[in-house]
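build me a model:
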Amino acid sequence: MRTAWKIVVVCLAAARLHAESNDSPETLKDAQVKVHARLEQFSKTHDAELLVEAGKLAASMNPRGGSDALSKLDEGSLRLQLEVIVALAAARDPHYDRNAATNRVYLNVMPPLNKGTEILVSGMDPKAIKDPEVRKAYEDALAENARREEKLRREMAISRALEHAEIKVWVFVMRGLRDGSEARKSAVGIIDQTVFDKNIRSRLEGDSMPGLTW
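Numbers count the residues shown, from 1 in each chain. I've put the predicted structure just below:
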């Protein structure tokens, strides 16, 4: 029993420590440096995973609220999270439709029809196809399917990270800050000055918590 109680105490202490992870300017500065480093790397490599990592780092800053005025630490945490939201939104392909036939990804690709007598089956090794013309067409189809899959994974990763970031900010501003308080007015003002996408801004400031679509 004593061992179990010790475990509970340790877990509660760890949870409290995590909840106050931004309780110092040094911790916030460290998160800012790490987030900006990843955003800078992304601008050069376009590796979506860097944006996902930046989102997780920014989300680790837990605004505390609980007062009428917005504290410097909470303001810094909010600005950092909004900076990541803007970067994630800009990285998306606004014209991408995952349900479009041209973006459809197949588990196994069917080789093209041929006029010969070769038996062709879905998912087969292209090296097993004797007809060079048919083999080349199949290799092209496989490459296109791989490209579509990579595109889907990228858009999914960015969109999921964006939606989680939106929820994080909404919970802090619309649930953590008292309605009508100077703290909430300041937070909403910062959102309006930072986020220019009207759809994102409406989700961050709406009455209902943003949902997940991906």
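
low-confidence ranges in this structure?
1-23 (pLDDT under 70).

quick one: the helices in the chain?
Shown for the chain, the helices assigned by DSSP state H span residues 2-19, 25-45, 48-59, 72-91, 132-170, 182-194, 198-205.

N108 is nearest to which of those?
For those, proximity to N108 was assessed by Cβ to Cβ; helix 132-170 is nearest, at 9.2 Å. Using the backbone N, CA and C atoms, a C-beta is placed for each residue, glycine as well.

can you tell me the centre-most residue of the chain?
Most central residue of the chain, judged by C-alpha distance to the mean C-alpha position with Cα atoms, centre = their mean, is A161 at 1.2 Å.

now the helices of the chain in TSV, with distance to L212?
As requested, the helices of the chain are arranged in TSV below (distance: least, Cβ to Cβ, whole Å):
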stretch	distance to L212
helix 2-19	22
helix 25-45	22
helix 48-59	14
helix 72-91	14
helix 132-170	5
helix 182-194	20
helix 198-205	12
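
and of these, who's closest to I119?
Among those, helix 132-170 comes nearest to I119, with 11.9 Å by Cβ to Cβ.

helices or strands up against that closest one?
Under the contact criterion of 3 or more Cβ pairs under 8 Å, 6 or more residues apart in numbering; DSSP states H and E, helix 132-170 touches helix 48-59, helix 72-91, helix 198-205.

okay, buried residues for that helix please.
By neighbour count on 16 or more other Cβ atoms under 10 Å, the buried set for helix 132-170 is 134-135, 137-138, 141-142, 145, 148, 154-155, 157-170.

that'll do, ta.
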